[in-house]
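A.B. asks: sequence first, then the predicted structure, then my questions.
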Amino acid sequence: MATTIFTPSMLKGAGTRGIPEMPVGSSYENTYSMAFDGIDERMTVSSFTTSGNDLTISLWIKLPNLGSGADYMLSGNSSNVIYYNSNEVIYAKINGFFSRIVANSGGVPQIFGTGNWHHLAITKSGSTLTWWIDGVSYADLGSVTTGGFTLSTIGAYTHGGAGVNGNLDEIAVWESDQTSNMATIYGSGVPSSLASLSPLGWWRMGEKANFGTNWTLTDQGSGGNDATSVNMEEVDRVTDVPS
């Protein structure tokens, strides 16, 4: 029987010694998101406030349904909230100061009730805030102040109101303006690894997660703020992701 001798050039991704090497980034795989019921399902993290005047918040959202009032995506307290409503207005309340954009108006795409995945981000440099939807920037229609953003809850607002009626994936927070890296963060519509961008908080919403009585999501950022689910079940981790 003939014997085939493999040379380095015959091996896909072969290294200098003829040993196949893992392509850069190939270990990253986005398989899961978390589905929220829009009523009382949420995730909590140890409350923290970003330092300084620069900030970036990034998340992927899928909203097949809308509530009748305000639906909260992220919150820390009554002065720090990111939410949307049935009139297709997206709000950010940072340090008590409002900023907003109106979806399906003035060139801003419709992202509510479509059942499609969209990327939403906010970058803040000093007192200037910019919204991003699917990699495109939009000027805010409000005003913000200097200072950080407080975060303690994902998926609902603990002080009243409804939560997300849909899916959230790949949530990340930086204590810096990541405008120059937005193309990498958006990734042409498919999430990619954020490890090289060193976020303070990064919850992958299913990967690096364990279920006991509740879900525990390991913070992949530098802050060590793991997320714990409230009123959620094991079936709320679903294989529905941006693609």
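C.D. replies: Structure's in. What do you need? Numbers count the residues shown, from 1 in each chain.
A.B. asks: show me where pLDDT drops low in the chain?
C.D. replies: 1-27, 67-68, 141-143, 159-161 (pLDDT under 70).
A.B. asks: can you give me the helices for it?
C.D. replies: 182-186 (DSSP state H).
A.B. asks: so who does D236 touch?
C.D. replies: With contact taken as CB atoms under 8 Å, 6 or more residues apart in numbering, D236 is in contact with M34, A35, F36, E41, W215, S229. Heads up, the C-betas are built off the backbone N, CA and C, glycines and all.
A.B. asks: check the gap between it and I90 for me.
C.D. replies: Computed with CB to CB, to the nearest Å, the distance linking D236 and I90 is 24 Å.
A.B. asks: got it, and K208?
C.D. replies: Taking CB to CB as the criterion, K208 is separated from I90 by 28 Å.
A.B. asks: which of these two has more residues huddled nearby?
C.D. replies: Taking neighbours as other CB atoms under 10 Å, K208 and I90 compare with I90 leading, 23 against 15.
A.B. asks: tally of neighbours for the closest residue to that one other than its chain neighbours?
C.D. replies: With sequence-adjacent residues excluded and distances taken as CB to CB, 6 or more residues apart in numbering, I90 is closest to Y84, at 4.8 Å. A total of 24 residues lie near Y84 under the criterion other CB under 10 Å.
A.B. asks: one more: G69?
C.D. replies: Burial measure for G69: 12 neighbouring residues, criterion other CB under 10 Å.
A.B. asks: repeat that for S51.
C.D. replies: Neighbours of S51 under the rule other CB under 10 Å: 11.
A.B. asks: pretty sure it is touching E175, no?
C.D. replies: Yes - with contacts defined as CB atoms under 8 Å, S51 counts as touching E175 at a distance of 5.6 Å.
A.B. asks: intersection of neighbour lists for those two?
C.D. replies: The contact lists of S51 and E175 share G148, where a contact means CB under 8 Å, 6+ apart.
A.B. asks: now do the buried residues in stretch 225-237.
C.D. replies: Along stretch 225-237, these residues count as buried under the neighbour rule (16 or more other CB atoms under 10 Å): N225, D226, A227, T228, S229, V230, M232, D236, R237.
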